[in-house]
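Peer 1: Got a sequence here, can you build the structure:
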Amino acid sequence: MSTRKDLFAIYPSGPGHYLLEGELSFASVGQALRQTAEMFVAQTPAVFDLAGIAKADSAGLALLLEWLRQAGRAGVELRYANLPRQLLAMARVAGVDGILIID
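Peer 2: Now for the predicted structure:
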């Protein structure tokens, strides 16, 4: 799991599959954006598995939408798996749950 300094981590878990760990929060979105900056250049489908996300807030939801934007620009289909309940609830309230492709 991520350390206090590293609030977010992403690990390959198979071809096109990545496991996310730690937080998707105001404190970690900058770090998460930096770590994923080069991920959407291969034009191959990707799945981000959020099973390891322990904390999420509205900044985390905004990050999911930003990743979708970046992936779309690169022609990459991005899907999410194991979305934490709090993120799914925020997406529903914000009316963006239909935008997120969730496995």
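Peer 1: Pull out the buried residues from the strand ranked longest in the chain.
Peer 2: As assigned by DSSP state E, the longest strand anywhere in the chain is strand 46-56. By neighbour count on 16 or more other Cβ atoms under 10 Å, the buried set for strand 46-56 is 46-50, 52-53, 56. Yep, even glycine has a C-beta here, placed from its N, CA and C like the rest.
Peer 1: And the helix or strand where residue 93 lies, what's buried?
Peer 2: Secondary structure assigned from DSSP states H and E places residue 93 in helix 85-94. For helix 85-94, a neighbour-count test (16+ other Cβ under 10 Å) marks 86-88, 90-91 as buried.
Peer 1: May I have it as CSV, with CA atoms only?
Peer 2: Taking C-alpha atoms only, helix 85-94 is exported to CSV below (Å, rounded to 0.1, in the frame of the first residue of the first chain):
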residue,chain,number,x,y,z
ARG,A,85,-19.1,3.1,-3.0
GLN,A,86,-18.4,6.7,-2.1
LEU,A,87,-17.1,7.5,-5.6
LEU,A,88,-20.1,5.8,-7.2
ALA,A,89,-22.5,7.7,-4.9
MET,A,90,-20.8,11.1,-5.7
ALA,A,91,-20.9,10.3,-9.5
ARG,A,92,-24.7,9.6,-9.2
VAL,A,93,-25.4,12.8,-7.3
ALA,A,94,-23.3,14.8,-9.8
